[in-house]
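# okay, structure incoming, though there's no sequence with it:
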């Protein structure tokens, strides 16, 4: 029987501890890299969702407002116009059409919409029932001035009869893991026939 020589017997305790320490550092680096990638993916997904929500809301607003109409030259197409609320009239797609009273308003940090249809189809004077409830279209709106009104020359106006263009500006907070961030969008809507 031969006696094992020094070095043939395996690893020493110090070698095992050093190897374990190096492995721990490598695993920590890999974990940090993966964790950072997951956070970036979550932030990108949140950003994409906010952008999509803003786009859907602004597209609906533009579609509604472009066809503002009353069918009566004595009634303004826009009934209420402030920095945080707009109410206007627009026909529905039925034949004969009903007139809709559409309102958008900023309620706290929520942009909300309400549509109330006329009960008649015979023209002015239009008869509207109780205003329907406001439904939140977009949450976490940061800015407090969302609507701006301009006439055909591009000059700011407060006269509903002279409004030709409405700007909808939104700055919406994003839910990110790196802290507060926001997505901003401005849509300019030309009212047909104005």
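Received the coordinates, thanks. As the structure is a computational prediction, the values presented were derived from the model and not from experiment.

# any idea how far the helix or strand containing residue 102 is from the middle of the chain?
Element membership of residue 102, judged by DSSP states H and E, is strand 99-107. Here strand 99-107 is found 17 Å from its chain centre; the criterion is CA atoms, centre = their mean, to the nearest Å.

# just after that strand, pick out the following helix or strand.
Next element after strand 99-107 (DSSP H and E): strand 110-117.

# which one is residue 131 nearest to, not counting chain neighbours?
With sequence-adjacent residues excluded and distances taken as CB to CB, 6 or more residues apart in numbering, residue 131 is closest to residue 116, at 5.0 Å. C-betas here are computed from N, CA, C, even on glycine.

# am I right that residue 182 is in a strand?
Yes - assessed with DSSP: H, G, I helix; E, B strand; the rest coil, residue 182 lies in a strand.

# so how far is residue 51 from it?
11 Å (CB to CB, to the nearest Å).

# picking up where we left off before, the residue nearest to residue 131 contacts residue 133, correct?
No - the criterion here is CB atoms under 8 Å, and residue 116 misses it with residue 133 at 9.8 Å.

# what about residue 18, neighbour count?
By the criterion of other CB atoms under 10 Å, residue 18 has 12 neighbours.

# what's the angle from the helix or strand where it lies to strand 110-117?
If you go by DSSP H and E, residue 18 is part of helix 13-66. Helix 13-66 runs at 30 degrees relative to strand 110-117, counting by axes from the mean of the first three to the mean of the last three CA atoms, to 10 degrees.

# what mean pLDDT does helix 13-66 get?
What helix 13-66 shows for mean pLDDT is 86.

# that one packs against which elements?
When contacts are defined as 3 or more CB pairs under 8 Å, 6 or more residues apart in numbering; DSSP states H and E, helix 13-66 packs onto strand 85-91, strand 99-107, strand 135-138, strand 165-174, strand 181-190.

# so what's residue 167 up against?
Residue 167 makes contact with 147, 148, 149, 150, 186, 187, 188, 189, according to CB atoms under 8 Å, 6 or more residues apart in numbering.

# buried subset of those as a ChimeraX selection?
Written as a ChimeraX command, the selection of buried residues from those, which uses 16 or more other CB atoms under 10 Å, is:
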select :147,148,149,150,187,189
